[in-house]
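Trainee: sequence first, predicted model second:
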Amino acid sequence: MRSKQGAPLGDVFAFVSGLYFRGKLAYARRFAAPPEPGNTVVGCGIHVITPNAGLRSPDTCVTAPALRAFATEDVHVDNARYRRPLETGARALLAEIGPDCDVVLLGSVASPKYVGVLTAIFGERLLFPIDFVGRGDMSRGGLLLRRAADGVELPYVPVVGAVLHGARPPKLAPLRTVAGLQNGRIAERNAHKSSL
């Protein structure tokens with residue numbers, strides 16, 4: 001972080017956020033299937049929502065001043081410095097992914113800070129793992145790590161019209177190993193997806 005180059009955004013957020021973001025990143029790296037991986041907007045098919053810079057690749061390097069700038073912004077739909085860059089990035093992504101690519105939101109669907117902005121742009125193409133309903137952040141992170149390790153993708157449903165709150169599911173079984181998750185790669189898929 002202190003170098004001129006900085007550190008990869010995905011690594012920084014995984015360190016700061018802990019289990020939940022590690023799970024999201026490992027899962028997205030395992031299952032993202034972008035339609036055009038070489039496309040500069042679509043990239044690897046994984047996009048991190050930032051507090052003031054819209055959507056960024058997890059490989060984007062950030063410096064300590066950039067991280068401090070993130071910390072000054074309120075991630076709230078009414079904050080234009082958060083919302084406008086996110087809208088711009090989401091619209092650019094929509095224009096590039098084509099009609100056959102869905103977008104999977106691995107962030108919180110119970111809060112309008114993501115859903116309000118993203119459903120207005122992606123509509124019914126914005127999906128989320130139905131198994132998230134009723135789970136807290138740590139449980140979602142643990143679930144994503146397990147599925148990434150097992151190579152088993154979660155079922156998705158559109159955010160629009162979905163029941164976003166529900167009963168708490170049973171606790172997850174203890175995780176035996178997370179070895180190799182940092183090196184998880186894009187799995188070949190018939191359907192294309194981009195992850196947020």
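Mentor: Structure received.
Trainee: does R146 count as helix, strand or coil?
Mentor: Three-state assignment for R146 (DSSP: H, G, I helix; E, B strand; the rest coil): helix.
Trainee: next, count neighbours for it.
Mentor: When counting by other CB atoms under 10 Å, one arrives at 19 neighbours for R146. (Each C-beta comes from the backbone N, C-alpha and C, glycine too.)
Trainee: please look at it and L172 and confirm they touch.
Mentor: Yes: assessed by CB atoms under 8 Å, R146 is found in contact with L172 at 6.7 Å.
Trainee: I'd like the distance between I121 and L105.
Mentor: 12 Å (CB to CB, to the nearest Å).
Trainee: settle it for me: which of those two has more neighbours?
Mentor: Legend: neighbour count by other CB under 10 Å for I121 and L105, higher for L105 (22 against 16).
Trainee: so what's the residue nearest to G134 when sequence neighbours are not counted scoring on pLDDT?
Mentor: Nearest residue to G134, sequence neighbours excluded (CB to CB, 6 or more residues apart in numbering): G166, at 4.2 Å. The per-residue pLDDT reported for G166 equals 73.
Trainee: help me confirm that G166 is found in a helix?
Mentor: No: judged by three-state DSSP, G166 forms no part of a helix; its state is coil.
Trainee: may I have the longest helix belonging to the chain as CSV, with CA atoms only?
Mentor: Scanning the chain for the longest helix, with DSSP state H as the assignment, gives helix 80-97. In CSV, the C-alpha atoms belonging to helix 80-97 read as follows (Å, rounded to 0.1, in the frame of the first residue of the first chain):
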residue,chain,number,x,y,z
ALA,A,80,-23.9,11.3,-5.5
ARG,A,81,-20.1,10.8,-5.1
TYR,A,82,-20.8,7.1,-4.5
ARG,A,83,-23.9,6.7,-6.8
ARG,A,84,-22.8,8.5,-10.0
PRO,A,85,-19.5,6.6,-10.6
LEU,A,86,-21.4,3.4,-9.9
GLU,A,87,-24.1,4.3,-12.4
THR,A,88,-21.5,5.2,-15.0
GLY,A,89,-19.6,2.0,-14.5
ALA,A,90,-22.7,-0.1,-14.5
ARG,A,91,-24.0,1.5,-17.7
ALA,A,92,-20.7,1.0,-19.4
LEU,A,93,-20.7,-2.7,-18.4
LEU,A,94,-24.2,-3.1,-19.6
ALA,A,95,-23.3,-1.7,-23.0
GLU,A,96,-20.4,-4.2,-23.4
ILE,A,97,-21.7,-7.5,-22.0
